[in-house]
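[1] A predicted structure for the sequence below; I have some questions about it.
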Amino acid sequence: MTNFMLTCLVGVAATSLMTFTLYFFHWQGFANGDMVRALGSLITKKYENSVGPGLIIHFLGGIFFALLYVSVWKMFPELADGGVARYIQLGAFCGFAQGLITSMSLVVFVAEYHPLQQFRVAGVKVALVHLLGHVVFGGAVGALTGVLRLAA
């Protein structure tokens, strides 16, 4: 299997873990972490039929960012010297940076203009949950990249 395909699978796995993290906090009542329906309903304008488009958008985004992370890391082969632990750190850092941008955008722009009322309320808790989800995503991409030696 090529590195491209493996990296796509890494993106799917990391996005799955991120999605579980978001839903964990959602199900606990801490914050609205229903990112799949939030994304899907941006397209469908309805809650009822938003899961399919939301899953497609969410997982394609995860694959794209996994490919981006690994492509950037490949430009710095000395990073492989730190082994799996180094890639986990890099991934978590990249996820944190991506999560900051995403969380701020979510709170400031998306929530204000979302077509559904339940996704228009995005405060600090929602931003923190999404930030954590992105750190989990990045850490997972890093761990799998290190184990599979995708960037070496």
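    Done, it's in.

[2] could you pull up phi and psi at R120?
    Dihedral angles of R120 (phi, psi; degrees, to the nearest 10) stand at phi -90, psi -10.

[3] any stretches of this structure with poor pLDDT?
    1 (pLDDT under 70).

[4] rerun at 90
    Applying pLDDT under 90 to the chain picks out residues 1-2, 26, 29, 31-35, 77-83, 102-127, 151-152.

[5] which stretches of it form helices?
    3-27, 35-44, 51-74, 83-105, 111-113, 124-148 (DSSP state H).

[6] most neighbours per residue, which of those helices?
    Most buried of the helices of the chain, by mean neighbour count (mean count of other Cβ atoms under 10 Å): helix 124-148, with a mean of 23. Any C-beta I mention is one placed from the backbone N, CA and C, and that applies to glycine too.

[7] so what does it touch, helix or strand wise?
    helix 3-27, helix 51-74, helix 83-105 (3 or more Cβ pairs under 8 Å, 6 or more residues apart in numbering; DSSP states H and E).

[8] mind putting these in CSV, distance to G138 included?
    As requested, the helices and strands packed on helix 124-148 are exported to CSV (distance: least, Cβ to Cβ, whole Å):
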stretch, distance to G138
helix 3-27, 8
helix 51-74, 7
helix 83-105, 2
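
[9] looking at those helices, which is nearest to A38?
    helix 51-74 (7.1 Å; Cβ to Cβ).

[10] would you mind pulling the contact partners of that closest one?
    Identification of contacts with helix 51-74 by Cβ atoms under 8 Å, 6 or more residues apart in numbering yields 3-4, 7-8, 10-12, 14-15, 18-19, 35-41, 43-44, 79, 87, 90-91, 94, 98, 137-138, 141-142, 145, 150-151.

[11] now do 6 Å
    Residues external to helix 51-74 that are found in contact with it (Cβ atoms under 6 Å, 6 or more residues apart in numbering): 7-8, 10-11, 15, 36-37, 39-40, 43-44, 79, 94, 141, 145, 150-151.

[12] how far does it sit from the chain's center?
    Centroid separation for helix 51-74 versus its chain: 8 Å, with Cα atoms, centre = their mean, to the nearest Å.

[13] ok and it relative to helix 83-105, angle-wise?
    Helix 51-74 and helix 83-105 are oriented at 130 degrees to each other (axes from the mean of the first three to the mean of the last three Cα atoms, to 10 degrees).
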